[in-house]
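Enquirer: Need coordinates for the following:
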Amino acid sequence: MNFQLTEAQNMVKDTAYKFAVNEMEPIAKECDREERYPKELLKKARDAGLLGVFVPEEYGGPGFGFMEVALVTEQLSRVDLGLCAVVLTTTFGSENILFFGNEEQKGNYLPLLVNGEAVSAGAYTEPDAGTDVAATKTRAVREGDEYVINGNKMFITNGTVCDWMVVLCVTDQEAEKRHQRQSLILVESDRKGVAATKIRGKMGIRASDTAEISFEDVRVPAGNLIGQEGKGFHQLMHFFDVTRTMVAAQGVGLAQGALDKTVRYVQERNVFGKPLAFNQGVQFQLAEMATRIELARNVTYKAAYEIDQGRIDPKLNAMAKYYSGEMAVWVCDKALQLHGGYGYIDEYDVQRYYRDAKVLEIYEGAKEAEKLTIARRLF
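Expert: Here you go, the predicted model:
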């Protein structure tokens, strides 16, 4: 097995980190404090070639794989997880168009994302249907050449800033198997009956837009169906199997950023007449932080690499997300502790890393759901 990145991958990685330092770091505190979604950042990300990394060349993208997505995600997350989400989730949900959409849908929608002309969203979670995706209640009833959609979605990334969203709906309530009742339908956000309410007061990733969505007699063309009717649940599981590597990479990057800041801090902070870094107990903690990050990085890279080889392993992807998320929470806790009282105030970035980390154990499948995925495949 070759652990060396290619020249192109190293270039993508370096580009992403330079972008994060030059364009994200100067506005990270402001966007966090104000819960502001900086749409102007998307134009800069477009110019840097960081939008729609996975989109094939025939649809205007760079045509990279999910290994490159992981590399970009890791480097952006080193600086700020919320702003990383602003850039990376521009295409969120539209992976389903690439995986299951027809050529017309791919040609109409994917180029807009790469060009920074549009933002997409994935509307899956509901107030009473989070991890239990099959419990979705949002209905899409076929009436002639249209679907009429009614229901509510919760915690939707890009909900108030998106141009369209891929919505999980029940299209056949009477299907014998509950996993055959759902379908994925593309809904433009400016359609009559769509209402989005921004969720404020989040613990972390405050720059990333999160919303509650309601659909009241929303009519969309039947041609907005993505893939086959009744296959929505299975399509969504495939989507999660792939995108969980992105969340795992967020954990790796966030933890690495917290470690970077802590290493600098302990060399500058003097305690009992010498730098804190001289303390052997501190060195041991830093060593363990670095070791856990490297372990998470390896399992994440392997999972992303396997996807690009056409060997999607839900167990491995779940391991990557579960371990990386838990590792990031642990590392950020250690990083804040080593900063002492300074780590608890807004002036120091480590408190933001600490707040941001927790969501990695929750979204795109809570860590308990990842453990279930792993355990089921052991049997």
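
Enquirer: can you give me the strands for the protein?
Expert: Using DSSP state E, the strands of the chain run over residues 120-123, 139-143, 146-157, 164-170, 182-188, 194-198, 210-221, 225-226, 270-271, 274-275.

Enquirer: Tell me which of those sits most buried.
Expert: Highest mean neighbour count of the strands of the chain: strand 120-123, a mean of 29 (counted as mean count of other C-beta atoms under 10 Å). Where you see a C-beta, it was placed from the backbone N, CA and C, and this is true even at glycine.

Enquirer: Give me the sheet partners of that strand and which way each runs.
Expert: Sheet partners assigned to strand 120-123 using DSSP bridges are listed as strand 164-170 (parallel).

Enquirer: do you know which of the strands of the chain lies nearest Leu41?
Expert: Among the strands of the chain, the nearest to Leu41 by C-beta to C-beta is strand 146-157 (15.3 Å).

Enquirer: re the thing from before, nearest to Gln9, of the strands of the chain?
Expert: Set against Gln9 and scored by C-beta to C-beta, these come closest in strand 120-123, at 25.5 Å.

Enquirer: picking up where we left off before, any idea which of the strands of the chain scores lowest on pLDDT?
Expert: Of all those, mean pLDDT reaches its minimum on strand 270-271 (a mean of 92).

Enquirer: ok, it: who's next to it in the sheet?
Expert: Strand 270-271 has its sheet partners listed here by DSSP bridges as strand 274-275 (antiparallel).

Enquirer: Can you give the distance of the partner strand from its chain's centre?
Expert: The chain centroid and the centroid of strand 274-275 are separated by 39 Å under C-alpha atoms, centre = their mean, to the nearest Å.

Enquirer: want to try a markdown table for the strands of the chain, with distance to Gly130 as columns?
Expert: Listed next are the strands of the chain as a markdown table, based on distance: least, C-beta to C-beta, whole Å:
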| stretch | distance to Gly130 |
| --- | --- |
| strand 120-123 | 13 |
| strand 139-143 | 18 |
| strand 146-157 | 8 |
| strand 164-170 | 12 |
| strand 182-188 | 15 |
| strand 194-198 | 18 |
| strand 210-221 | 13 |
| strand 225-226 | 22 |
| strand 270-271 | 44 |
| strand 274-275 | 46 |
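
Enquirer: which one of these lies closest to Gln235?
Expert: Nearest of those (C-beta to C-beta): strand 182-188, 5.6 Å.

Enquirer: Please name every helix or strand in contact with the closest one.
Expert: helix 95-100, strand 146-157, strand 164-170, strand 210-221, strand 225-226, helix 232-268 (3 or more C-beta pairs under 8 Å, 6 or more residues apart in numbering; DSSP states H and E).

Enquirer: any chance of the ones you listed in TSV, plus distance to Met11?
Expert: Below are the helices and strands packed on strand 182-188 laid out as TSV (distance: least, C-beta to C-beta, whole Å):
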stretch	distance to Met11
helix 95-100	23
strand 146-157	28
strand 164-170	31
strand 210-221	32
strand 225-226	33
helix 232-268	17
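
Enquirer: For Glu35, find the nearest of these.
Expert: With C-beta to C-beta, the closest approach to Glu35 among the helices and strands packed on strand 182-188 belongs to strand 210-221: 9.5 Å.

Enquirer: next one: that closest one to chain centre, how far?
Expert: For strand 210-221, the gap between its own C-alpha mean and the chain's C-alpha mean amounts to 22 Å (C-alpha atoms, centre = their mean).

Enquirer: Sheet-wise, list the partners of that strand with their directions.
Expert: Using DSSP bridges, strand 210-221 pairs in its sheet with strand 146-157 (antiparallel), strand 194-198 (antiparallel).

Enquirer: Between those strands, which one is closest to Glu25.
Expert: With C-beta to C-beta as the measure, strand 146-157 is the member of the strands paired with strand 210-221 nearest Glu25 (22.0 Å).

Enquirer: CA atoms only for the closest one, dumped as PDB, please.
Expert: The C-alpha coordinates for strand 146-157 follow below in PDB (Å, rounded to 0.1, in the frame of the first residue of the first chain):
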ATOM      1  CA  GLU A 146     -46.500  17.100 -10.500                       C
ATOM      2  CA  TYR A 147     -45.700  16.100  -6.900                       C
ATOM      3  CA  VAL A 148     -47.400  18.000  -4.100                       C
ATOM      4  CA  ILE A 149     -45.200  18.100  -1.000                       C
ATOM      5  CA  ASN A 150     -46.200  18.800   2.600                       C
ATOM      6  CA  GLY A 151     -44.100  18.400   5.700                       C
ATOM      7  CA  ASN A 152     -41.300  19.800   7.800                       C
ATOM      8  CA  LYS A 153     -37.500  19.300   8.000                       C
ATOM      9  CA  MET A 154     -35.200  20.300  10.800                       C
ATOM     10  CA  PHE A 155     -31.400  21.100  11.100                       C
ATOM     11  CA  ILE A 156     -31.000  21.600   7.400                       C
ATOM     12  CA  THR A 157     -27.600  22.900   6.400                       C
END
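
Enquirer: Between strand 182-188 and it, find me the angle.
Expert: 80 degrees (axes from the mean of the first three to the mean of the last three C-alpha atoms, to 10 degrees).

Enquirer: And the residue nearest the centre of the chain?
Expert: Val247 (5.1 Å; C-alpha atoms, centre = their mean).

Enquirer: Tell me which of the strands of the chain approaches Phe240 most closely.
Expert: Proximity to Phe240 (C-beta to C-beta) singles out strand 120-123 among these, at 9.8 Å.

Enquirer: How many residues are close by Phe239?
Expert: Counted by other C-beta atoms under 10 Å, the residues lying close to Phe239 total 22.

Enquirer: and Arg377, how many neighbours does it have?
Expert: The criterion is other C-beta under 10 Å. On that basis, Arg377 has 13 neighbouring residues.

Enquirer: can you check Glu126 too?
Expert: Glu126 has 22 neighbours, counted by other C-beta under 10 Å.
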